[in-house]
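Q: coords please:
(one chain, ligands or ions: 1)
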Amino acid sequence: MKVAFLGLGNMGLPMALNLIKAGHQVHGFDLVQSQLDAFKAGGGIPVQSATEAAKDADVIISMLPASRHVEALYLGDAGLLATANPKALLIDCSTISPKVSQAVAAAAKIKGFAMIDAPVSGGTAGAQAGTLTFMVGGDASALECARPLLEKMGKNIFHAGASGSGQTVKVCNNMLLGIQMLGTSEALRLGIANGMDPKVLSDIMSKSSGRNWALELYNPCPGVMESAPSSKGYAGGFGVDLMLKDLGLATENAGDLEASVPLGELSRKLYEAHSKAGNGQLDFSSVFNLKAD
Ligand code: NAD
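A: Got it, this is the predicted structure:
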């Protein structure tokens, strides 16, 4: 299967490399040259535009930062819906607004493309290990066509429902994750202020009712977990600005539906303050260092 992979960042690069390892020919494009170089070093075929990557592809996968990047890639006169072969299956793995995801999929359908939204969970470690969780929205038949590829990049593949519902699940999940990371940081800080060793505190809470993913697998306190971004200067991982974007998606979506998300709102404000203090590019667990008023 010939694959076009668009967006070779923290997540896209290791996902594309897993497809190459599984024997697929992958043409890739990213705006950043160093990402293209790393892709080439891993056996990928780097090209100079999305249109060139998509030419002759059986499957086009996008892994871009936000809604506007996805709209720009697919829509408009120069977008892939106008230039690619409608036989290609479109898989958007970016985390974007459910509304935008539905609109792009509807435009794709009009042009004769099958398209699914397939945002992921599992972080950069999951992307490298090929153990991501995929939350898929769209027709079941399109998911079945995509499944052999998704299985090379992930371990759990869920059909959430109609187009856009993969994004809805992802937005709910990340709102919860953002809240959990703040709560975990606050609890660890309180323990440390009491003179506790954060590792002892984390070990005990991980076996108690406060246990959660941020505490157990992505501990925000430096030195507790060697493999976590917190122990590597909060480099790589999942950026503060990406979490801020996802909390923005959650609160916007809640506003559209008049759903109440007070903790989501508060979390968005706290990550915003952290980003404004110059931390937008750090991993989101760096919110451990936020000094809120
Ligand atoms: P990233 O910023 O590291 O990578 C995005 C890449 O897209 C960049 O390399 C950028 O140069 C490239 N890009 C932007 N516009 C492009 C275009 N028009 N054509 C080609 N390339 C383009 O972000 P990431 O961490 O890889 O995240 C990607 C998506 O996955 C986001 O929507 C994010 O919310 C989501 N996500 C991230 C994580 C994580 O842990 N990092 C986990 C789950 C989901």
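
Q: Which pLDDT value does the model give the residue lying closest to Asn219 once chain neighbours are set aside?
A: Counting by C-beta to C-beta, 6 or more residues apart in numbering, Asn219 lies nearest to Met225, which is 4.3 Å off, once chain neighbours are set aside. C-beta here means a position set from N, CA and C on the backbone, and glycine is covered the same way. Looking at Met225, its pLDDT stands at 97.

Q: Near Met225, how many other residues are there?
A: Neighbour count of Met225, defined by other C-beta atoms under 10 Å: 19.

Q: helix/strand/coil for it?
A: coil (DSSP: H, G, I helix; E, B strand; the rest coil).

Q: List the contacts of it.
A: Going by C-beta atoms under 8 Å, 6 or more residues apart in numbering, Met225 touches Ser202, Leu217, Tyr218, Asn219, Ser231.

Q: Distance to Phe29, pLDDT and neighbour count added to these, as a markdown table?
A: As requested, the contacts of Met225 are arranged in a markdown table below (distance: C-beta to C-beta, whole Å; pLDDT from 0 to 100; neighbours: other C-beta atoms under 10 Å):
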| residue | distance to Phe29 | pLDDT | neighbour count |
| --- | --- | --- | --- |
| Ser202 | 41 | 98 | 23 |
| Leu217 | 32 | 93 | 15 |
| Tyr218 | 30 | 95 | 24 |
| Asn219 | 35 | 98 | 26 |
| Ser231 | 33 | 98 | 14 |
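
Q: which parts of the helix or strand bottoming out on mean pLDDT in the chain are buried?
A: The weakest-scoring helix or strand in the chain, judged by mean pLDDT, DSSP states H and E, is helix 123-129 (a mean of 93). Neighbour counts over helix 123-129 (16 or more other C-beta atoms under 10 Å) mark Gly123, Thr124, Ala125, Gly126, Ala127, Gln128 as buried.

Q: Please tell me I have it right and the third one contacts Pro229.
A: Meaning Ala125. No. Here Ala125 lies out of contact with Pro229, judged by C-beta atoms under 8 Å, at a distance of 9.6 Å.

Q: Lys40: neighbour count?
A: Look at Lys40: counted by other C-beta under 10 Å, it has 12 neighbours.

Q: Distance check, the residue of the stretch 51-200 of the chain found nearest the ligand against Val120.
A: Closest contact between the stretch 51-200 of the chain and the ligand, by C-beta to the nearest ligand atom, is at Thr95 (3.7 Å). Separation of Thr95 from Val120 (C-beta to C-beta, to the nearest Å): 8 Å.

Q: Have a look at these two and say which one is more surrounded.
A: Legend: neighbour count by other C-beta under 10 Å for Thr95 and Val120, higher for Thr95 (29 against 23).

Q: in a helix, that's where the more buried one is, yeah?
A: No. Thr95: not assigned to a helix; according to three-state DSSP it is coil.

Q: Wait, it touches Pro119, no?
A: Yes. Thr95 is within contact range of Pro119, at 4.8 Å (criterion: C-beta under 8 Å).

Q: Overlap of the contact sets of those two?
A: Joint contacts of Thr95 and Pro119 (C-beta under 8 Å, 6+ apart) are Gln167, Lys170.
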